[in-house]
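1. sequence first, then the predicted structure, then my questions.
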Amino acid sequence: MKAIVYKDYAANIEIIEVEKPELQDSSVLVEVHAASINPIDNILRAGYLQQMLELRFPHIMGYDVSGTVVEVGKDVHIVKVGDEVFARPNQEDAGAIAEFARVQENELAIKPTNLSHIEAASVPLAGLTAWQALVTKGNIKRGDKVLIHAGSGGVGTLAIQIAKYFGAIVATTTSSKNTEFVKGLGADLIIDYTTQSFEDELSDYDLVIDMIGGDTLANSFKVLKKGGTLISIKGQDTEGLAKKYDVAFEWFFMAPDGAMLTELATLISEGAIKTVIDSVYPMEQASEAFDHLAEGRTKGKIVITIK
């Protein structure tokens, strides 16, 4: 099968022929229609996490998949051949930008019928990250004041909508050109990070979701009320600021979860959440897609079509 790979850390992105993934008893083989890309793809390729995640080369890229089930393992009971599914495969199975991908049954969900494969592929990693940050880790509840950084990005666009679904009052940071866009997603208060300092504008927040790290993470502690919570996917509290400000802090990696993805699929089917696609590239232009992602100015998700 054809797959998008790199053959060493920091190496060029290539399309090569590789073997199909071997089917496991609890897995399915998916013929991939579309796959979306995420910052973690570029981070891994650069070698920044090689002490934590050792890769085998050639490494097939991609963590978001949408496609059709073409084979099922003997212990698979919920889905069948022909079902259209979407998923964020685990690290061992990861490799979505290929003609076929292996996915464990407990990590997939049935694709909402009101979504194309392109739209569905944009959801899993970003949607699960947003859900786990807000719901699993942040224990969001109606009336909470929530700050979501990078509101126009892949995670941010979904996080705003999820927070509003739970009845939160949502502030977000973005640039002026995206003000109307994030307002349309439901944001109640918008901070233009190019002209405003969010820590000077906001106070007494219950929950902050950080996707940026660095000074943004450090300054986020200042806007929380005592007992509030800061959840980050980008940095650690290395300076002990949680203790200083009497708040809770957690840094986490998103975990694949088919049941949770099914909950998101229900909200999408009901129209409570909509997908946001920045751009679509054919498989042959995968390298250009990752260059675009590295610019850090996407609105929603970048998707690569396979079929």
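-> Structure's in. What do you need? Keep in mind the model is a prediction, meaning the values are calculated, not measured.
2. could you use CA atoms for every contact and neighbour count after this?
-> Noted.
3. so which elements touch the strand or helix carrying residue 157?
-> For residue 157, the host element (DSSP states H and E) is helix 154-165. Packing partners of helix 154-165 (3 or more C-alpha pairs under 8 Å, 6 or more residues apart in numbering; DSSP states H and E): helix 124-131, strand 145-148, strand 169-174, helix 179-185.
4. and these: which comes nearest residue 259?
-> helix 124-131 (10.5 Å; C-alpha to C-alpha).
5. sorry, back to before: which of the helices and strands packed on helix 154-165 is buried the deepest?
-> The highest mean neighbour count among those, using mean count of other C-alpha atoms under 10 Å, belongs to strand 145-148: a mean of 28.
6. alpha carbons only: can I get that strand in PDB?
-> Output in PDB follows, covering the C-alpha atoms of strand 145-148 (Å, rounded to 0.1, in the frame of the first residue of the first chain):
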ATOM      1  CA  LYS A 145     -15.900  30.800  33.300                       C
ATOM      2  CA  VAL A 146     -13.600  29.100  30.900                       C
ATOM      3  CA  LEU A 147     -10.600  30.500  29.000                       C
ATOM      4  CA  ILE A 148      -9.600  28.500  25.900                       C
END
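7. pull out the buried positions in the helix holding residue 157.
-> The neighbour-count check on helix 154-165 (16 or more other C-alpha atoms under 10 Å) flags 154-164 as buried.
8. what's the domain layout of the chain?
-> Using automatic domain parsing, the domain parsing of the chain gives 2-123+275-305, 126-251.
9. and these as JSON lines, adding mean pLDDT?
-> Putting the domains of the chain into JSON lines (pLDDT from 0 to 100) gives the following:
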{"stretch": "domain 2-123+275-305", "mean pLDDT": "97"}
{"stretch": "domain 126-251", "mean pLDDT": "98"}
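10. residue 138 contacts residue 207, doesn't it?
-> Yes. Residue 138 is within contact range of residue 207, at 6.7 Å (criterion: C-alpha atoms under 8 Å).
11. and the two? Which one has more around it.
-> Counted by other C-alpha atoms under 10 Å, residue 138 and residue 207 do not tie: residue 207 has more neighbours, with 31 against 22.
12. tell me which element the more buried one is part of?
-> Judged by DSSP H and E, residue 207 forms part of strand 205-210.
13. check which helices and strands that strand sits against.
-> strand 145-148, helix 214-220, strand 224-232.
14. out of those, deepest packed?
-> Sorting those by mean neighbours (by mean count of other C-alpha under 10 Å), the first place falls to strand 145-148, with a mean of 28.
15. partners of the strand ranked longest in the chain in the sheet?
-> Longest strand of the chain, by residue count under DSSP state E: strand 27-37. With DSSP bridges as the test, strand 27-37 is paired with strand 65-72 (antiparallel), strand 100-104 (antiparallel), strand 301-305 (antiparallel).
16. what residues does the first one touch?
-> Applying C-alpha atoms under 8 Å, 6 or more residues apart in numbering, the set of residues contacting strand 65-72 from outside is 23, 25-36, 79-89, 96-97, 101, 111, 117-118, 120-121, 124.
17. make it 7 Å
-> For strand 65-72, contacts defined as C-alpha atoms under 7 Å, 6 or more residues apart in numbering pick out 27-36, 80-88, 96, 117, 120-121.
18. stretch 3-11 now?
-> So stretch 3-11 is in contact with 12-18, 45-47, 57-61, 97-99, going by C-alpha under 7 Å, 6+ apart.
19. so what's the residue nearest to the spatial centre of the chain up against?
-> The centre of the chain sits closest to residue 126, judged by C-alpha atoms, centre = their mean, with a distance of 1.7 Å. Neighbouring residues of residue 126 by C-alpha under 7 Å, 6+ apart: 154-155.
20. ok, now residue 207?
-> Applying C-alpha under 7 Å, 6+ apart, the residues near residue 207 are 138, 145-147, 224, 228-230.
21. report the beta-bridge partners for the closest residue in space to residue 133 that isn't next to it in sequence.
-> Excluding the flanking residues, the one nearest residue 133 by C-alpha to C-alpha, 6 or more residues apart in numbering is residue 231, at 6.3 Å. Applying DSSP bridges to residue 231 gives these bridge partners: residue 209, residue 250.
22. can you tell me how far residue 231 is from residue 79?
-> Look at residue 231 and residue 79: by C-alpha to C-alpha, to the nearest Å, they are 34 Å apart.
23. and for residue 68?
-> Taken as C-alpha to C-alpha, the span from residue 68 to residue 79 is 11 Å.
24. neighbour count: the two, which is higher?
-> residue 68 (23 against 16).
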